[in-house]
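[1] Structure for the following, please:
(one chain, ligands or ions: 2)
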Amino acid sequence: MSTKSAAQWLVGHNKFEQTKTESKGKKLFGKAKTISITSGKGGVGKTSVTLKLAKILSQQGFKTLVIDCDFNLSNTAVKLGLPITDNFYSLISARKPFEECIVEHDGFFLLSGCNGNMDLFDDQTGIERFIIDILVTHEKEFDYILLDSPAGIAKENLTLNAYSDHRFVVVTPDLSSITDSYSLIKILSTKYGVSENHLIVNKISTSNQLDRIIKTLGETVDNFLNSRLRILGGLVKKDISIDKFDKALLSEENSALHKNFLKVVELFAEENVATTLPISGHGHEVQQLNVC
Ligand SMILES: Nc1ncnc2c1ncn2[C@@H]1O[C@H](COP(=O)(O)OP(=O)(O)O)[C@@H](O)[C@H]1O
Ligand SMILES: [Mg+2]
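    Ligands and ions are numbered 1, 2, ... in the order given. Below you'll find the model as predicted:
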């Protein structure tokens, strides 16, 4: 499929109506940068990307919090080999203070997700409100807050994605992953006024594959949406059994995949140099997000 016809196909397959745009962007200075790691389709690597970025950022001296927002399929704790807790439930039901609900692991902090306590949320009190509340209350305590999002275009996810300072959209070479992410970017643009997203292409096998996806998706977003897609690069598909992947991802510091992640952080840093101010009360020296 040529890039042009692929672009038309993407647009043709998109099911959302254009609606009046409404800006929900926020600009903060001297507070944590919030980044939603998101996608149209599940299983593309959002949780893996979130945890690896959290580890790298914390190694670079940034105080980083991961919030597991995957309301139904929370698995950050499992991937880190931590026990499953009801910390999230305890926090939002005010049974425990925030400090007792986050766990420190590998240098970063984690608020793990719900595990079967969804009865707490109804249509009026969406879970996204609780998470935004947590962000508002604690954003001064961290340099980065990474939201491991659920896949797709549910209202909760869209609201959190739109509220975040940045969105890292993760896609894989699978065509349905690309079309679903285009749908996500489109609805974020048309309904929530989000004008910029970042792209990470995961599980790539060849650089040609990466180039093709960047060109197709990038040009389609450029040409058809009032939105910009900033490219953070590709992550190689690791040829390793599923049960060994999580550990290898987080422990290896010399692999091609690790270098891919460093490049992602470096590219993001280049865009954001001088936008990170020292935050008081961290007990550590805050530096620019610049790995060079
Ligand atoms: N770069 C990669 N190479 C090989 N396997 C990967 C890679 N990234 C993720 N995976 C695997 O893909 C699956 C889905 O990853 P996960 O991070 O749970 O996705 P999501 O959070 O988007 O559902 C997991 O089995 C994970 O081990
Ligand atoms: Mg996940």
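[2] wait, Phe108 sits on Ile67?
    No - the pair formed by Phe108 and Ile67 falls short of the contact definition of Cβ atoms under 8 Å, at 11.3 Å. The C-beta positions use only the backbone N, C-alpha and C, and glycine is treated the same way.
[3] Run a quick neighbour tally on the closest residue in space to Ser90 that isn't next to it in sequence.
    Using Cβ to Cβ, 6 or more residues apart in numbering and skipping the chain neighbours, the partner closest in space to Ser90 is Lys96 (4.1 Å). In terms of burial, Lys96 registers 13 neighbours under the definition other Cβ atoms under 10 Å.
[4] What are the boundaries of the helices in the stretch 101-250 of the chain?
    Per DSSP state H, counting those that start in this stretch, the stretch 101-250 of the chain has helices spanning 127-138, 155-163, 175-192, 207-224, 242-251. These are given in chain order.
[5] Distance to Thr38, mean neighbour count and mean pLDDT added to those, as CSV?
    Formatted as CSV, the entries for the helices of the stretch 101-250 of the chain read as follows, by distance: least, Cβ to Cβ, whole Å; neighbours: other Cβ atoms under 10 Å; pLDDT from 0 to 100:
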stretch, distance to Thr38, mean neighbour count, mean pLDDT
helix 127-138, 13, 17, 92
helix 155-163, 5, 21, 95
helix 175-192, 7, 22, 97
helix 207-224, 14, 17, 96
helix 242-251, 19, 14, 95
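[6] For Gly30, which of these is the nearest?
    Proximity to Gly30, assessed across those by Cβ to Cβ, is greatest for helix 127-138 (14.1 Å).
[7] helices or strands next to that closest one in the packing?
    Counting by 3 or more Cβ pairs under 8 Å, 6 or more residues apart in numbering; DSSP states H and E, the packing neighbours recorded for helix 127-138 are strand 64-68, helix 98-101, strand 144-148, helix 155-163.
[8] on that earlier part again, for my notes, confirm the residue nearest to Ser90 occurs in a helix.
    No - the secondary structure assignment for Lys96 gives coil rather than a helix, going by DSSP: H, G, I helix; E, B strand; the rest coil.
[9] My guess is it contacts Thr85. True?
    No - counting by Cβ under 8 Å, Thr85 is not a contact partner of Lys96; they are 10.1 Å apart.
[10] can you tell which of the helices and strands packed on helix 127-138 is closest to ligand 1?
    When the helices and strands packed on helix 127-138 are compared for distance to ligand 1 using Cβ to the nearest ligand atom, the nearest one is strand 144-148, at 6.9 Å.
[11] Whichever residue of the chain sits closest to ligand 2: helix or strand, and which one exactly?
    With Cβ to the ion as the measure, the residue in the chain that lies nearest ligand 2 is Thr47; the distance is 3.3 Å. Here Thr47 is covered by helix 46-59, with elements defined by DSSP states H and E.
[12] ok, now which ones touch the residue nearest to Gly107 when sequence neighbours are not counted?
    Using Cβ to Cβ, 6+ apart and skipping residues adjacent in sequence, the residue nearest Gly107 is Ser58, 3.6 Å away. For Ser58, the contacting residues are Thr64, Asp106, Gly107, Phe108, taking Cβ atoms under 8 Å, 6 or more residues apart in numbering as the criterion.
[13] Pick out whichever of those residues sits closest to Ala269.
    Distances from Ala269 to the contacts of Ser58, taken as Cβ to Cβ, are shortest for Thr64 (14.1 Å).
[14] Would you check that that closest one makes contact with Tyr144?
    Yes - taking contact to mean Cβ under 8 Å, the distance of 4.5 Å between Thr64 and Tyr144 places them in contact.
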